[in-house]
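Participant: please work out how this folds:
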Amino acid sequence: MAPTSVVFTIDKSNNFSLLKVDGSDSPLFADKQKAASTKQFTWVLLLKAQRILSCLSLLPMAFGTLFASIKKRISLSDISDEEPNNRGRLYRFIKVFLFLSIVGLAIEVIAHYKQWNLHMIQPWEVEGLVQWSYMAWLSFREDYIAPLLILLSEFCIVLFLIQSLDRLVLCLGCFWMKYKKLKPTIEADVYDIEDPSSFPMVLVQIPMCNEREVYAQSIAAVCQLDWPKDRLLIQVLDDSDDGNLQLLINEEVSSWRQKGVNIIYRHRLIRTGYKAGNLKSAMSCDYVKDYEFVAIFDADFQPNPDFLKQSVPHFKGNPELGLVQARWSFVNKDENLLTRLQNINLCFHFEVEQQVNGHFINFFGFNGTAGVWRIKALEESGGWLERTTVEDMDIAVRAHLNGWKFIFLNDVKVLCELPESYEAYKKQQHRWHSGPMQLFRLCLPAIITSKISMLKKANLIFLFFLLRKLILPFYSFTLFCIILPLTMFVPEAELPIWVICYVPIFMSFLNILPSPKSFPFLVPYLLFENTMSVTKFNAMVSGLFQLGSAYEWVVTKKTGRSSESDLLALAERESKSSNEEKILRRHSESGLELLSKLTQQEVPCKKKKRNKLFRKELALAFLLLTASARSFLSAHGVHFYFLLFQGLSFLVVGLDLIGEQVN
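Facilitator: Coordinates of the predicted model:
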């Protein structure tokens, strides 16, 4: 740029003239400025052109890479081992719906490009079979399909608003608890540290089944619980069907027993009833009568040493208290997008649902682990039953009907793992949503005839079961996966924007509040929740009508990860006890030796695991994308973008591109 002001000052100006130039627009700099400006402008144009060309050249490469990845995933994916329920009635219904939508889209495209306006012409002016068919379709959908669709959509919208109101009330309750700082408290020095006999007898159970990756760290964590040794007994309840793994777990238990820990290994010969059968068998031991409380930890849970001192004292002076439940904390919540989205859901479940219900009505569903039960409450409620796949919810409901109260400790956290693959997460969600419907069928007569108040009965039937376990998956799948794409072909029943955009975003915003670091994942969370609705709906129907898939129980795959904070805490404890025996969360030396011996044995070659294709999700992806194309022809705007991105999210999940990648 030309200078804005140039001044020459000379003391002796006999042979010199004094010159002063002000401003960059002086004619002295006109030629130079013009030349520089043209050159710069040329370079800017060249740079912009080069960027545009590079972007245009990258687009075909990006699309080519995407389609190549999809083609490779399809060719390498495993569809032969897909669960049979994927080929059931729901999948056939989606395929028929998809076929009809493709036919409808083809007719709509023809009508769009031929600019048919059949409301402006007379029937005798119609030319051709296609035009006549289209006119007949318009008349049929307006007279018969649209009224039914409007009625169904209004019913689902009412359910949607009721469920949204329930979520809003729960969030307001959570905000009130934080504002008033309401939480369970215990008195200081409840038990005399110098007198171990003042501590109650506590039984700790670790049920496991083929948990090769996590058994050692779980046993080690429980063995470090800070509680008088003569007042604590640890049961390792192993249901593994792998003989080598049984030897490893037994050897691990023996090594801790040699270190002075009161721990026993127990393996059932007849493995019936899954986890409920395992716990029921363990509670039948004669020595259990000597214990007052039982703490339960699944195989991937790692409690802190002070867990019992933070939970068991709540029972003192509160004879009506039957359960103390702690919160879960996840070591792999940032591992991939799938674990991040799961963390959002579970943070809301614990901090809002469990905490609010525990404080205001003293009842919530037991999470099956990281909790302490009063053994008397278990026995008076009928003990563990094998009638459903949600034995934890079953015992919680029966204990509530018997008048026992629950406490949720949001400040006490226990480390565990989230499923890192979509296949494992889908199977877990299927069990979690089919089991409650089984339980509802079984418990409804007992709830109606129980002696609890009418308010508690209404809460159990309408809120706990119907609204949160049945209505939520029903309207979510029906409204966003069936009605919304159908309205693109029946515009007389079009859904308002606030139903598909404003309210869902607001409710997703409320769900993310307990985990504020997840706000960047607001839109992916909303899309993923709608994507999971097909799995939850299928599970709900199978549990409600007692279909075969309702009784499936698959142990969730674990990886055995350790968190950084867990390792730092371990290092700190080691530094404080340098002169004492160091206890590490790892395999014992004898366990490692046994493992090396077992790995030297010949192991039959197993088929390499591959990522799967999920057919229902893929069929719904193409259905929503077809509906988005129809919405594009009608210039719907928000409807088009929602259907487009929702269809792409179904496509990503159907191709198993979210979560852990096997291949």
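
Participant: for residue 265, pull up the helix or strand it's in.
Facilitator: strand 263-267 (DSSP states H and E).

Participant: residues making contact with that strand?
Facilitator: By Cβ atoms under 8 Å, 6 or more residues apart in numbering, the surrounding residues in contact with strand 263-267 are 219, 223, 233-240, 246, 249-250, 253-254, 256-257, 281-282. The C-beta positions use only the backbone N, C-alpha and C, and glycine is treated the same way.

Participant: of those residues, which belong to helices?
Facilitator: In helices, judged by DSSP state H, the following of the contacts of strand 263-267 are found: 219, 223, 246, 249, 250, 253, 254, 256, 257, 281, 282.

Participant: now do the strands in the stretch 401-550 of the chain.
Facilitator: For the stretch 401-550 of the chain, the strands defined by DSSP state E, counting those that start in this stretch cover 405-416.

Participant: what residue ranges in it score low on pLDDT?
Facilitator: Low-confidence segments of the stretch 401-550 of the chain (pLDDT under 70): 548-550.

Participant: ok, now with 90
Facilitator: 486, 488-494, 501, 544-550 (pLDDT under 90).

Participant: just to revisit the earlier point, adding neighbour count and pLDDT, write the ones in helices among the contacts of strand 263-267 out as CSV.
Facilitator: Below are those laid out as CSV (neighbours: other Cβ atoms under 10 Å; pLDDT from 0 to 100):
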residue, neighbour count, pLDDT
219, 28, 96
223, 23, 96
246, 16, 94
249, 25, 96
250, 17, 95
253, 25, 96
254, 14, 96
256, 20, 96
257, 15, 96
281, 18, 94
282, 20, 95
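
Participant: how close does residue 428 sit to residue 499?
Facilitator: From residue 428 across to residue 499, the span is 30 Å (Cβ to Cβ, to the nearest Å).

Participant: distance of residue 449 from residue 436?
Facilitator: Taken as Cβ to Cβ, the span from residue 449 to residue 436 is 20 Å.

Participant: then residue 501?
Facilitator: Distance, residue 501 to residue 436, by Cβ to Cβ: 30 Å.

Participant: likewise residue 470?
Facilitator: Look at residue 470 and residue 436: by Cβ to Cβ, they are 8 Å apart.

Participant: more crowded one of the two?
Facilitator: Neighbours per residue (other Cβ atoms under 10 Å) separate residue 470 from residue 436, with residue 436 holding more: 26 against 20.

Participant: is it true that the more buried one touches residue 392?
Facilitator: No. Using Cβ atoms under 8 Å as the test, residue 436 is too far from residue 392 to be in contact (10.8 Å).

Participant: contacting residues around the most centrally placed residue in the chain?
Facilitator: The chain has residue 342 as the residue nearest its centroid, 2.8 Å off, counting by Cα atoms, centre = their mean. Counting by Cβ under 8 Å, 6+ apart, residue 342 makes contact with 330, 333, 418, 419, 425.

Participant: ranges for the strands of the chain?
Facilitator: 5-7, 20-22, 202-208, 232-238, 263-267, 293-296, 321-330, 371-374, 405-416 (DSSP state E).

Participant: tell me which of the ones you listed lies nearest to residue 361.
Facilitator: strand 405-416 (9.1 Å; Cβ to Cβ).

Participant: for the closest one, packing partners?
Facilitator: On a contact count with 3 or more Cβ pairs under 8 Å, 6 or more residues apart in numbering; DSSP states H and E, strand 405-416 meets helix 307-311, strand 321-330, helix 355-360, helix 391-401.

Participant: same thing but at 10 Å, please
Facilitator: Secondary-structure packing of strand 405-416 (3 or more Cβ pairs under 10 Å, 6 or more residues apart in numbering; DSSP states H and E): helix 215-223, helix 307-311, strand 321-330, helix 355-360, strand 371-374, helix 391-401.
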